[in-house]
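Peer 1: Can you look at this prediction? I've put the sequence above it.
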Amino acid sequence: MAGHEKQTLGFQAEVTQLLQLMIHSLYSNKEIFLRELISNASDAADKLRFEAMNNASLFENDSDLRIKVTFNKEARTITISDNGIGMSRDDAITHLGTIAKSGTKEFFGKLSGDQQKDAAMIGQFGVGFYSGFIVADKITVETRRAGSTEAVRWESAGAGDFSIEDIEKTSRGTDITLHLREGEEEFLSSWKLKSVIRTYSDHISLPILMQKEEWDEEKKEQVIKDEFETVNQASALWARSKSEITQEQYDEFYKHVSHDFQAPLTYTHNRVEGRSEYTQLLYIPARAPFDLWDRNKRGGIKLYVKRVFIMDDAEQLMPVYLRFVKGVIDSADLPLNVSREILQESRDIKFIREGSTKRVLGMLEELANADEQEKKDQYQTFWNEFGQVLKEGTGEDAGNKDRVAKLLRFSSTHNDSEAQTVSFADYLARAKEGQDKIYYVTAESFAAAKNSPHLEIFRKKGVEVLLLTDRVDEWMLSFLADFEGKELTSVAKGSLDLGSLEDEAEKKQHEQTQTDYVDLVGKMKTALEGKAKDVRVTFRLTDSPACLVADENELSGNLARMLKAAGQAAPDSKPILEINPDHPLVQRLKYETAKFDDWAHILFDQAMLAEGGNLNDPSAYVKRLNEMLLGMAGK
């Protein structure tokens, strides 16, 4: 033994905050503590089985993996024991004293103080071990890592600190003892514990053992015996026939693999045969996890080979844009000693990945295209939680780009609501006769998009425009140039071309107006040299005096601002100023001489502000505007 003295250490600040929430019973269903601790014990056994593939001595002549649940009425304790991988001293300090997840502080910053909402948030975070403090006022953990002789005892009363000391422990694995707080006596019952286990953990593939009970005629009560019996089915749920599995069992298995506290939105369970044989049980969550936008986070798929656990988070089994999918894939063909490196090159894995991707997209299509309102609502729930991530698929999955495009939803000028409910199919079904383009505008917010001056001519003609305000939209558009032969066209880039939506009389009138404004346009180009790439007359405006547009092959103003905000260099391109010849300010400018340059700069700066941009010299704009106002007031 290393001979460490007993230490008292402080919890990470976020752990302390979490424990306070646990102790104040955020969960309406206290029983889940047992599910979470059994789930952790199952994971520990899976990890031992995996490591022992290359080092059989880790089994220490005990390869019969199992979980035991015992209780002591007199001591008011429940103990969950496993003979899995166990923990070293450093493991115990790290895993039980800190929450080692990216985005932890941001997560806790979202907690509102509303118990119901905070409980749901914690469910997304997935902190199984700490759920023991829902029913316990002290937790003792005794653990020894497989292959090591050093064992430790970790103990905490759920306040701001914990103690850790060296102990003797003959068996590997972990024993977690919950010292129940007052009022939790219902869990000191064999019947109650078995009921909870069969409800929440029946799917665990390891045997969960409890001591047998029998009726003692002399004492007239149930007596606990030294013999143990298995209280769960102890078979891999995904390997059973679908007809044998209840909806409740499917839901509980999802909670086991995802550490979510909410039932899934939908799932698919299939056995695939042919070139490669495998079973898939895949779930789509109802709520996005707090770290959804961490693209470096590994996926949510557990890989098994012939029902033997191989690895957690096998990211090679699902593309990054479907990283929200949780579940299990069990291959009949892969070798048991498969590594992440082998997975990257395996043809079988490529086949499984392609099949699983199509299966997930099929699940989403079933919801999106359903006639039943309930399924439509389910898809809208999915989209609200994961839509921005799904959009990544347009660039990451060329083979399924068209399928992904059909699943996309947007806000549009057809609705007043910010809700993203409009599909490309919806848009085309409402398109004007002769309309050969899908029009869109990008902006930093729904309000900015909805009020963009670029929409004025489209509102006048009753042409729908998609309002794209997600940060991923600009990236998505670089891969999605059209949909079913209809070009996606920005209303804020290039010259306006309404095609057959504009009649011949309008075209002739526009040509004449452009001729009438040649001199004004020339003077404005000179005044705005170095600020505007070009100045031209536009007919896309009906109310605003001017707007800015990007050249056809250049970045939109919105994308350029996004890159700048992210600290990335954007190409040095200048916008084009378009002026509305029907606006009184522009018409007056034709006859302005003394303050012409100031007026030209004010129009440019106002157009920049109208599209959500930032002025390079705000004080100069304010000074010009004030002087113009004073002049109009006769001062």
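Peer 2: Structure received. Numbering: from 1, shown residues only.
Peer 1: what's the closest non-adjacent residue to Val463?
Peer 2: Lys432 (5.8 Å; Cβ to Cβ, 6 or more residues apart in numbering). Placement of C-beta: from N, CA and C, glycine included.
Peer 1: helix/strand/coil for that neighbour?
Peer 2: Following DSSP: H, G, I helix; E, B strand; the rest coil, the label given to Lys432 is coil.
Peer 1: Confirm for me that it is in contact with Tyr439.
Peer 2: No - counting by Cβ atoms under 8 Å, Lys432 sits too far from Tyr439 to count as a contact (10.5 Å).
Peer 1: who's more crowded, the two?
Peer 2: Tyr439 (23 against 13; other Cβ atoms under 10 Å).
Peer 1: my read is that one is in a strand, agree?
Peer 2: Yes - assessed with three-state DSSP, Tyr439 lies in a strand.
Peer 1: Quickly list what it is bridged to.
Peer 2: Bridge pairing for Tyr439 (DSSP bridges) gives the partners Thr489.
Peer 1: For it, give its distance to Lys350.
Peer 2: Counting by Cβ to Cβ, to the nearest Å, the gap from Tyr439 to Lys350 is 39 Å.
Peer 1: Equivalent analysis for Val586, please.
Peer 2: 60 Å.
Peer 1: Looking at those two, which is more packed in?
Peer 2: Using other Cβ under 10 Å as the criterion, Val586 and Lys350 rank with Val586 on top: 20 against 14.
Peer 1: The more buried one: what's its closest spatial neighbour, skipping adjacent residues?
Peer 2: Counting by Cβ to Cβ, 6+ apart, the residue nearest Val586 is Ile579, at 5.0 Å.
Peer 1: Would you confirm that the one you found contacts Val537?
Peer 2: Yes - using Cβ under 8 Å, Ile579 makes contact with Val537 at a distance of 6.1 Å.
Peer 1: list the residues that contact both of these two?
Peer 2: Tyr517, Val521 (Cβ atoms under 8 Å, 6 or more residues apart in numbering).
Peer 1: if you count what's nearby, which of these two comes out ahead?
Peer 2: Ile579 (26 against 19).
Peer 1: Walk me through the domains of the chain.
Peer 2: 7-228, 238-368, 385-500, 503-632 (automatic domain parsing).
Peer 1: Turn those into CSV, columns for mean pLDDT and distance to Tyr379.
Peer 2: CSV is the format used below for those (pLDDT from 0 to 100; distance: least, Cβ to Cβ, whole Å):
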stretch, mean pLDDT, distance to Tyr379
domain 7-228, 83, 20
domain 238-368, 87, 4
domain 385-500, 92, 8
domain 503-632, 84, 28
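Peer 1: Turn those domains into JSON lines, including distance to Gln378.
Peer 2: Shown next, in JSON lines, are those (distance: least, Cβ to Cβ, whole Å):
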{"stretch": "domain 7-228", "distance to Gln378": "18"}
{"stretch": "domain 238-368", "distance to Gln378": "5"}
{"stretch": "domain 385-500", "distance to Gln378": "11"}
{"stretch": "domain 503-632", "distance to Gln378": "32"}
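Peer 1: so which of the ones you listed gets nearest Asp377?
Peer 2: Closest approach to Asp377 among those (Cβ to Cβ): domain 238-368, 9.1 Å.
Peer 1: Quick one: distance of the closest one to the chain centre.
Peer 2: 16 Å (Cα atoms, centre = their mean, to the nearest Å).
Peer 1: next one: stretch 144-162
Peer 2: 33 Å.
Peer 1: Go through it and flag the buried ones.
Peer 2: Residues of stretch 144-162 classed as buried: 144-147, 150-158, 162 (neighbour count, 16 or more other Cβ atoms under 10 Å).
Peer 1: and Thr136, how many neighbours does it have?
Peer 2: Thr isn't right for residue 136; it's Ala. By other Cβ under 10 Å, the burial measure for Ala136, its neighbour count, is 26.
Peer 1: does it have beta-bridge partners, and which?
Peer 2: Leu180.
Peer 1: what's the distance between it and Tyr130?
Peer 2: 10 Å.
Peer 1: Check Glu229 too.
Peer 2: Looking at Glu229 against Tyr130, where the rule is Cβ to Cβ, the gap reads 30 Å.
Peer 1: for Glu552, same thing?
Peer 2: Distance from Glu552 to Tyr130, by Cβ to Cβ: 56 Å.
Peer 1: Those two - which one has more neighbours?
Peer 2: Neighbour totals were compared for Glu552 and Tyr130, and Tyr130 leads with 23 against 9 (other Cβ under 10 Å).
Peer 1: Can you report phi and psi for the more buried one?
Peer 2: Backbone torsions for Tyr130, taken as degrees, to the nearest 10, come to phi -70, psi -20.
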